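Asks: could you work out the structure for the sequence below:
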Amino acid sequence: MRWSVEKKTDIWSVKLGSDSGVLSVVDLSIDGESVESGVIIELSKNNDTLIVRDGQEAVEAIVTKIKDSWWITIQGQTFVVTEADGNSNSSGEERGGLTAPMPGIVTEILVKEGQRVRSGQPLMILEAMKMEHQVTAPKSGQIEKIYFSEGEKVDMGSDLLSISD
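Replies: All right, here's what the predicted structure looks like:
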């Protein structure tokens, strides 16, 4: 998949590989030119940040998915990364479901299975890094399934619930 970073014109293409839960960049190109990368990405011990290693240097990254964009904060600087092709929906919208934008705990569920919801309606509250994140409906529809209960821990990318038309 091709990605662009807000306020930059470069198009990045990144392919990740996984070995025992550790992600590594196996192919990286910028504007079609291959770039050597020894980047390894791990989930921190408390599962609330990513550790990005490039050789011996390691930095923490806070990653949050909001709609079709990933907000990545490294050393106090935030980058907004979006799909460069611009014609896709977020993975949650494609499936009619929603995924956790970050690791956290479900603190409140605002809907019930079978309930009709409208686009933008608050569905669930997650707490992550001492902040609340409101999960909203990407489209109007009916709540098909809720996969977590209040108080349960979720990992980034976990399916939270699904919405049918």
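
Asks: pLDDT weak spots in this protein?
Replies: 1-7, 20-22, 46-48, 65-68, 83-97, 129-130 (pLDDT under 70).

Asks: domain assignment for it?
Replies: Taking automatic domain parsing as the reference, the chain has its domains at 2-83, 91-164.

Asks: pick the most buried one from those.
Replies: Of all those, domain 91-164 carries the top mean neighbour count, a mean of 16, counting by mean count of other Cβ atoms under 10 Å. No exception for glycine: its C-beta is placed from N, CA and C like everyone else's.

Asks: and it, how far from the chain's centre?
Replies: Put simply, domain 91-164 sits 13 Å off its chain's centre (Cα atoms, centre = their mean, to the nearest Å).

Asks: kindly report the same for stretch 41-50.
Replies: So, by Cα atoms, centre = their mean, the centroid of stretch 41-50 is 14 Å from its chain's centroid.

Asks: that one: end-to-end distance?
Replies: Stretch 41-50 has an end-to-end distance of 7 Å (criterion: Cα to Cα, to the nearest Å).

Asks: got the contact list for that stretch?
Replies: The contact list for stretch 41-50 (Cβ atoms under 8 Å, 6 or more residues apart in numbering) reads 16, 21-25, 51-53, 60-63, 102-104, 128-129, 155.

Asks: can you give me the helices in this protein?
Replies: Using DSSP state H, the helices found in the chain span residues 91-95.

Asks: for Ile72, which residues are in contact?
Replies: 61-63, 78-81.

Asks: in strands, which of the residues you listed fall?
Replies: The strands, defined by DSSP state E, take in 61-63, 78-81 from these.

Asks: how about those in a markdown table, adding distance to Pro122?
Replies: Below are those laid out as a markdown table (distance: Cβ to Cβ, whole Å):
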| residue | distance to Pro122 |
| --- | --- |
| Ala61 | 27 |
| Ile62 | 23 |
| Val63 | 22 |
| Thr78 | 24 |
| Phe79 | 27 |
| Val80 | 23 |
| Val81 | 25 |
